[in-house]
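A.B. asks: Test case, fold it:
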Amino acid sequence: MKPFPLPLRVAAGLAVSTAERVRELPRQLAGLPVTVVSQVLQASMRVQQHVTELAIKGDNALSNLRPVEDTPSWATFDEDVEVPPVRPNLTPVADVPEPRSEVNGHVPSLSELEAELGDPWAEEERALAEDHADGEFDAPESAPEKAAKPKPGTPKIDKKAKSEIPKTSAGGYEGPAGLTGYDQLTLPQLRARLRQFSIPQLETILEYERAHADRSSFTGMLSRRIANARKAEETGDGTEGP
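C.D. replies: Below you'll find the model as predicted:
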């Protein structure tokens, strides 16, 4: 079979290529924006690379014309920097008070502190005396004969306790139950000392009071103290039992 002439074959191939391009045209149109953008980016990147290469070549050419610094300006160390001299602080300082002459570094002893602070018992007696009103425990004047009689519920005092009270050489009584200066004590002062006495000692003091001054405020307070102490003992014995 004899082949077709070349121009005919070229024309047939061109027709087939045109038909294929026409069939692919819708797909190419859909991807045309992406293709255009990618080509633009590639072109811009090529331009940037070309500009960078030109800048590098320019730096190399100019570096030969400019002398190199021995010590760059950024290469500085702390010891190379001159530190300005420090100016003295001329701000006035507050005067420090001198130590007191009476102390002068001496640590006071316990006895000296007690002498300065005073007796704590005296402070308590003074506070009780301020709280106590005059005639607080005194009996009314209209019934003096009833004040001498013990009230119902008053603890009974052993009559032999009176004979056991120590006597002085002058014939009077010294402080009952070892309480010296009893006759000079006020009611608040006596009240502050009652907690350190036992029931027999309280009974001795009550008998002494009835035998001498017989002050109703003192006898009433002593009687209540004895009753409370006995009640506390009975309560303690009851709780300790089986």
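A.B. asks: the longest helix in the chain is where?
C.D. replies: Longest helix of the chain, by residue count under DSSP state H: helix 32-63.
A.B. asks: any idea which element the closest residue to residue 194 other than its chain neighbours lies in?
C.D. replies: Computed as CB to CB, 6 or more residues apart in numbering, the closest residue to residue 194 that is not its neighbour in sequence is residue 225, at 5.2 Å. C-beta coordinates here come from the backbone N, C-alpha and C atoms, glycine included. Element membership of residue 225 [criterion: DSSP states H and E] is helix 216-240.
A.B. asks: what residues go with each domain of the chain?
C.D. replies: Following automatic domain parsing, the chain resolves into domains at 8-52, 144-240.
A.B. asks: Between those, which one is closest to residue 64.
C.D. replies: Nearest to residue 64, of all the domains of the chain, is domain 8-52, at 19.9 Å by CB to CB.
A.B. asks: Ends of that closest one, what's the gap?
C.D. replies: 53 Å (CA to CA, to the nearest Å).
A.B. asks: helix, strand or coil for residue 3?
C.D. replies: With DSSP: H, G, I helix; E, B strand; the rest coil as the basis, residue 3 sits in coil.
A.B. asks: From here on, call the first residue 9.
C.D. replies: New numbering, starting at 9: the last item is residue 11.
A.B. asks: Quick one: the strands in this protein, in order.
C.D. replies: Along the chain, no stretch is classed among the strands by DSSP state E.
A.B. asks: Which parts of it are helices?
C.D. replies: 14-38, 40-71, 118-125, 128-139, 152-155, 168-171, 195-201, 207-219, 224-248.
A.B. asks: weakest of these by average pLDDT?
C.D. replies: When the helices of the chain are compared on average pLDDT, helix 152-155 comes out lowest at a mean of 40.
A.B. asks: Using neighbour counts, pick out the buried residues of the helix holding residue 233.
C.D. replies: For helix 224-248, a neighbour-count test (16 or more other CB atoms under 10 Å) marks 224-234, 237 as buried.
A.B. asks: In terms of secondary structure, what does it contact?
C.D. replies: helix 195-201, helix 207-219 (3 or more CB pairs under 8 Å, 6 or more residues apart in numbering; DSSP states H and E).
A.B. asks: Quick check on residue 11: phi, psi?
C.D. replies: Phi and psi for residue 11, reported as degrees, to the nearest 10, are phi -70, psi 160.
A.B. asks: neighbours of it, just the number please.
C.D. replies: Using other CB atoms under 10 Å, residue 11 has 7 other residues around it.
A.B. asks: pLDDT at it, what is it?
C.D. replies: Looking at residue 11, its pLDDT reads 79.
A.B. asks: That one: what's it in contact with?
C.D. replies: Contacts for residue 11 (CB atoms under 8 Å, 6 or more residues apart in numbering) come out as residue 17.
A.B. asks: Format the helices and strands packed on helix 224-248 as a markdown table; extra columns: mean neighbour count and distance to residue 12.
C.D. replies: A markdown table is the format used below for the helices and strands packed on helix 224-248 (neighbours: other CB atoms under 10 Å; distance: least, CB to CB, whole Å):
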| stretch | mean neighbour count | distance to residue 12 |
| --- | --- | --- |
| helix 195-201 | 19 | 146 |
| helix 207-219 | 19 | 152 |
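A.B. asks: With distance to residue 185 as added columns, please give these in JSON lines.
C.D. replies: Formatted as JSON lines, these follow (distance: least, CB to CB, whole Å):
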{"stretch": "helix 195-201", "distance to residue 185": "10"}
{"stretch": "helix 207-219", "distance to residue 185": "4"}
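A.B. asks: Any idea which of those helices gets closest to residue 51?
C.D. replies: helix 195-201 (110.0 Å).
A.B. asks: Which elements pack onto the closest one?
C.D. replies: If contacts are counted by 3+ CB pairs under 8 Å, 6+ apart, helix 195-201 sits against helix 128-139, helix 224-248.
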